[in-house]
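1. how does the following fold in three dimensions:
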Amino acid sequence: MISHFRFYIILFSCSLFLVACHSGRSFFPKEVEPQPIELVRFDQALLNVHESSVAQDIQVLYDEFPVFMPLWVEDILGIPAADTAYLAEQLPLFLNDTMYGFRQTNAREREVFANVTDLESALSTAFGRIRYLYPETEVPSFYLFVSGFQTPIYFGDDLIGIGGDMYLGSDYEYYNRVVYDYQKQTMRKECIPVDVVSAFLFRTLPYTSTKSRLLDQMLYRGKVMYLTAQIFDELPPYEVMGWTKEQWNWCAENEEAIWHLVMDKRDLFKTESLVLTGYLNDGPFTSEVSQDAPGRLGIWLGWRIVESYMEHNKDVNLQELMAEGDAQKILEQSFYKP
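-> I've put the predicted structure just below:
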């Protein structure tokens with residue numbers, strides 16, 4: 001099965017905090033050669049299938065997309081790739097169903113993604129930076145597709161698929177039928193580069209610790225977010241986190257209180273799944289802290305600790321940071337004290 005990710009205080013001056021996230025170290029030269037990236041438009045080809053010629057059009061898709069088409073048929077439609085007769089029956093329903101809004105959604109996807117040069121440029125810059133850090137990185141092929149509201153980012157061997165129908169704008173009416181309100185924040189076209197890169201980093205720089213404490217989990221995720229923020233250093237940190245500016249500011253204003261609460265509860269060293277998911281998984285809020293705290297607060301806290309660690313250890317580069325598996329060492333040498 002193809003792996004996919006969805007990714008993606010005592011009172012403190014919010015403006016100073018936001019600036020601080022971008023006023024630290026720089027890890028890249030002024031000019032890094034972009035990695036040429038072209039989005040393969042599987043979505044356009046698929047949406048051009050006609051009911052009057054569906055069998056022939058399906059064969060064209062198999063001929064033009066010999067790698068991606070079988071994966072899409074099996075993992076999105078749930079149909080054996082070889083069963084083209086059944087596929088010919090079901091594909092028109094996927095393209096034109098109005099009960100679930102597929103027809104309207106596919107039309108909206110055509111509009112939103114009529115031009116993708118901005119996405120290609122952002123991904124080219126980002127993967128240029130990834131290859132600057134890790135020259136051995138194999139850059140995958142990129143496909144834009146429609147998923148029937150199933151997945152935003154889709155991984156196959158040497159390829160990444162982007163489900164365009166999952167990025168049609170936070171206000172897209174049919175999202176009310178398929179997702180919760182808190183999930184809509186990142187369902188925007190401009191969120192795609194960060195989602196792709198963070199998912200790619202989680203996949204290529206996997207969790208290797210033998211410990212399953214909250215501390216280890218949140219510092220691993222914090223490291224990936226720190227690296228992602230360096231790659232997208234022109235973005236405000238709340239966009240990298242997938243939050244609103246207001247959510248980020250709330251955390252900034254309450255950082256000391258958050259940290260004291262986590263320490264008082266001794267949550268850092270707990271391994272219970274309910275504690276881990278409560279701090280790390282997406283949700284309308286982080287119940288372990290407050291119903292005012294945005295979801296995934298543990299990842300943000302891990303990011304803050306990693307940021308402090310890098311500010312206090314200027315001899316450590318990004319590769320060394322990502323290779324450091326000792327969470328206790330990072331915590332102690334971060335001198336984190338909000």
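2. all contacts plus neighbour counts: C-alpha atoms, from now on.
-> Will do.
3. just give the closest residue to Val178, not the sequence neighbours.
-> Across the structure, with C-alpha to C-alpha, 6 or more residues apart in numbering as the measure, the residue nearest Val178 apart from its sequence neighbours is Phe149 (7.3 Å).
4. contact partners for the one you found?
-> For Phe149, the contact set (C-alpha atoms under 8 Å, 6 or more residues apart in numbering) comprises 165-166, 178.
5. neighbour-wise, which one of those leads?
-> If you count neighbours using other C-alpha atoms under 10 Å, the busiest of the contacts of Phe149 is Asp165, which has 30 neighbours.
6. mind checking how far it is from Leu276?
-> Computed as C-alpha to C-alpha, to the nearest Å, the Asp165 to Leu276 distance reads 30 Å.
7. now swap in Glu138 and tell me
-> Glu138 is 32 Å from Leu276, where distance means C-alpha to C-alpha.
8. can you check Phe102 too?
-> 36 Å.
9. helix or strand for the residue nearest to Val178, which one?
-> When elements are assigned from DSSP states H and E, Phe149 belongs to no helix and no strand.
10. same question, Met218
-> helix 214-231.
11. which outside residues touch the helix or strand that that helix is followed by?
-> Counting by DSSP H and E, the element after helix 214-231 in chain order, helix or strand, is helix 237-241. Helix 237-241 is contacted from outside by 18, 21, 191, 194, 225, 228-229, 232, 244-245, 247-248, 300, using C-alpha under 8 Å, 6+ apart.
12. ok, those residues vs Ile76, which is closest?
-> Proximity of the contacts of helix 237-241 to Ile76, judged by C-alpha to C-alpha, is greatest for Cys191, which lies at 21.9 Å.
13. next up, the contacts around the closest one.
-> Residues in contact with Cys191 (C-alpha under 8 Å, 6+ apart) are 167, 239, 242.
14. the helix holding Met218: how far from the chain's middle?
-> If you compare the mean C-alpha spot of helix 214-231 with that of the full chain, they lie 13 Å apart, counting by C-alpha atoms, centre = their mean, to the nearest Å.
15. next: stretch 101-116.
-> The gap between the average C-alpha position of stretch 101-116 and the chain average comes to 21 Å, counting by C-alpha atoms, centre = their mean.
16. residues contacting that stretch, please?
-> 39, 44, 47, 94-98, 146, 148, 164-165, 168, 174, 189.
17. with stretch 309-316 instead?
-> Outside stretch 309-316, the residues that reach it (C-alpha under 8 Å, 6+ apart) are 24-25, 330-331, 333-336.
18. what pLDDT, on average, does it get?
-> Per-region confidence: stretch 309-316 scores 96 on mean pLDDT.
19. how about it: buried residues?
-> In terms of neighbour count (16 or more other C-alpha atoms under 10 Å), stretch 309-316 has its buried residues at 309-310.
20. how about stretch 134-145?
-> Burial within stretch 134-145, assessed by neighbour count using 16+ other C-alpha under 10 Å, is assigned to 139-140, 142-145.
21. and that stretch, how far apart are its ends?
-> Taking C-alpha to C-alpha, the span from the opening residue of stretch 134-145 to its closing residue is 28 Å.
22. follow-up on the earlier one: what packs against the helix holding Met218?
-> For helix 214-231, the elements it packs on are helix 117-133, helix 192-204, helix 237-241, helix 273-280, helix 297-312, helix 318-323, helix 327-334, judged by 3 or more C-alpha pairs under 8 Å, 6 or more residues apart in numbering; DSSP states H and E.
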